[in-house]
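[1] Give me coordinates for this.
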Amino acid sequence: MVPFKGYGRLTRSTTLALAAAAFVLGAEAAGLVPPDLTLAIAVGCKVYVLLRVLRARISPAYLLLWGPLAWFFPVPTALVLFVFGGRKHVALAAAKKEVNRVAWRLCDAPDFGGNRCRLLGDRHGRDTLEALRAQIRGAKRRISIATYILSDDAVGRELIRLLAERARAGVEVRLLVDAIGSFGIPLRLCRPLRRAGGEIARFNPALPMRGKGSANWRNHRKIAVFDGQAAIIGGQNLGLRYMGETPSNRRFRDCSFLIEGPTAAALESVFIADWCQATDENPMKFAPALRERSPHIGPARVEVIASGPDCEEDPLWDAYVKLFSECRESITVVTPYFIPDQTLFTLLATAARAGRHVKIMVPRRSDHRLLDFARRWYLRKLKEAGAEILFFKPDVLHAKLVLVDGEHLVIGSANLDMRSLFLNYEVGAVVRDAAMVAEVGTLIAGWEKESTRYTEDLFRRSRTWLGRTVENISHVIAPLL
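    The predicted structure is shown next:
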């Protein structure tokens, strides 16, 4: 078994790179470096930046961002890309592949069939909160929860209290939060859980930096697994902004899914790999959990797709490419942030021009204004290709759903933007169940009644000089957003 040692501290290569860059910059400033050597260093750094940007495959516009920086500031730009600009980590990919291999040796390959799936999609997130309460209280052996944001509010405090109660009852409780998404969460919030015997870990702290690229690699997954038998995934973080007992006009419109059956074990293996990376624990410690498989209890097939820097390729992006390429009738995309890469954008535009019903639903105004500017070009071009563009008006639409041909449903934590597809740790699932697909279609149809269609006057500000300038800048830096 390959343990995850070495990722809880500054890596040797990063330390050497920082020291070398500091030495070169200091020597150049002091005039101690010969002109020929200075030129060679600058050229080498420019070539390095070019190769890294071309290998990123995120967007041709990516080069417009890094090219000028590399030309005028070659050494600092090369250093920034070296430390923060990578998309993949070979050692992490090998370690997490080993987790899967161990799981498959202990039992058969992941079984994605035979699940029972329930939509948690009421207006105010009450369904999700009630499902979390019920599953936490009903867990007998272990609870594994990963979230991007844990808020210090009524919902966060209640869930910590419930988890602490189960930990005192002898249930293994592990809570993994992203160190940036949950930045600033006071220690007192999780203190009751820790005192009760629960375990808490922070994923990839940026300060102090923990390994090459870690500051740019965020764990955006939302996973809650209970006894390896049931799991909740979706786009909702743990806080009042996403779920609550009472209605709120500040709450995001979102949904999650309760999955009971064999797929829960596959989601737990994703959590275990993330936990081991964050804590440096050996995955063999979790061999009993990896060995478990629950019986078939329903008709739904739910195929888990984990994507991120620890994967050799981009599985979620590959799944979208396959689904969009094979589309026969319709594609519906619901996402808060719409900044696809060139390949997915071309597939959507081609499908629209070919007469497929391509529908894109985004919030009228999201919680990130710069992303709203960055999406304008893509939406305008898709509208010209014949796609239907809908703007959800009442609240911030935070759901992440993709429906293809009324047969395939993609759920999970990933937005349809380049950060989710190529940089973040994300988890998705392809659901093949006619009843669930129909139920989600009904949910989206309800949101359509609260939406407006694309009209030119909605983007009249983009016709101003300032609007065009901000849009163009946003389009160029979109891969970093």
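[2] what sits against W217?
    For W217, the residues meeting the contact criterion (C-beta atoms under 8 Å, 6 or more residues apart in numbering) are 204, 308-309, 423-425. In this view, the C-beta of every residue, glycine as well, is placed from N, C-alpha and C.
[3] is it true that V155 touches L238?
    Yes. Counting by C-beta atoms under 8 Å, V155 touches L238, with 6.3 Å between them.
[4] So which of these two has more stuff around it?
    L238 (27 against 23; other C-beta atoms under 10 Å).
[5] Got phi/psi on that one?
    phi -100, psi 90 (degrees, to the nearest 10).
[6] wait, what's in contact with it?
    Applying C-beta under 8 Å, 6+ apart, the residues contacting L238 are 145, 147, 149-151, 155-156, 159.
[7] how does it look with 10 Å?
    For L238, the contact set (C-beta atoms under 10 Å, 6 or more residues apart in numbering) comprises 128-129, 132, 145, 147-151, 153, 155-156, 158-160, 175, 177, 182, 222, 224.
[8] F338 too?
    By C-beta under 10 Å, 6+ apart, the neighbours of F338 are 345, 348, 360-363, 366, 371-372, 374-376, 378-379, 382, 389, 415-417.
[9] and it, what are its bridge partners?
    For F338, the residues forming beta bridges with it (DSSP bridges) are L416.
[10] Need the pLDDT of it.
    Reading off the confidence values, F338 has pLDDT 95.
[11] Repeat that for W465.
    Among the per-residue scores, W465 holds a pLDDT of 68.
[12] which of the contacts of F338 count as buried?
    The neighbour-count criterion (16 or more other C-beta atoms under 10 Å) marks 345, 348, 360-363, 366, 371-372, 374-376, 378-379, 382, 389, 415-417 among those as buried.
[13] At which residues are the helices of the stretch 251-400 of the chain located?
    263-279, 287-291, 315-325, 342-353, 369-385 (DSSP state H, counting those that start in this stretch).
[14] Please identify the deepest-packed of those helices.
    Across the helices of the stretch 251-400 of the chain, the average number of neighbours (mean count of other C-beta atoms under 10 Å) peaks for helix 263-279, which reaches a mean of 25.
[15] quick one: secondary structure of the closest residue to I143 other than its chain neighbours?
    By the measure of C-beta to C-beta, 6 or more residues apart in numbering, the closest residue to I143 outside its immediate chain neighbours is V173, 4.8 Å from it. Assigned with DSSP: H, G, I helix; E, B strand; the rest coil, V173 falls in the strand class.
[16] I'd like to know how many residues surround V173.
    25.
[17] need the contact list for it.
    V173 makes contact with 136, 139, 142-145, 162-167, 193-194, 196-200 under the criterion C-beta under 10 Å, 6+ apart.
[18] and stretch 127-147, which residues are buried?
    By neighbour count with 16+ other C-beta under 10 Å, stretch 127-147 contains the buried residues 127-129, 131-132, 135-136, 139, 142-147.
[19] Kindly report the same for stretch 325-342.
    Residues of stretch 325-342 classed as buried by neighbour count (16+ other C-beta under 10 Å): 327, 330-341.
[20] Run through this structure and note the low-pLDDT ranges.
    The chain contains residues with pLDDT under 70 at 1-39, 52-67, 79-109, 186, 206-215, 456-467, 470-481.
[21] How many residues are close by T452?
    Here the neighbour count serves as a burial measure; for T452 (other C-beta under 10 Å) it reads 13.
[22] Please name the nearest non-neighbouring residue to it.
    What sits nearest to T452 in space, not counting adjacent residues and going by C-beta to C-beta, 6+ apart, is F391, at 5.2 Å.
[23] now L403
    Nearest non-adjacent residue to L403 (C-beta to C-beta, 6+ apart): T332, at 4.2 Å.
[24] Surely that neighbour touches I444?
    Yes. Counting by C-beta atoms under 10 Å, T332 touches I444, with 6.4 Å between them.
[25] any idea how far C190 is from V177?
    From V177 over to C190 the distance is 8 Å, taken as C-beta to C-beta, to the nearest Å.
[26] anything in contact with each of the two?
    Listed contacts common to V177 and C190 are 150, 200; contacts here mean C-beta under 10 Å, 6+ apart.
[27] Have a look at the two and say which one is more surrounded.
    Neighbours per residue, other C-beta under 10 Å: of V177 and C190, the larger number sits with V177, 24 against 21.
[28] From L150, how far out is the more buried one?
    Using C-beta to C-beta, one gets 5 Å for the distance from V177 to L150.
[29] circling back: tell me the spacing between the residue nearest to T452 and K400.
    If you measure F391 against K400 using C-beta to C-beta, the figure is 17 Å.
[30] ok, those two, which is more surrounded?
    K400 (24 against 19).
[31] got the contact list for the residue nearest to L403?
    Residues counted as contacts of T332 (C-beta under 10 Å, 6+ apart) are 357-361, 388, 390, 401-406, 409, 440-441, 444, 448.
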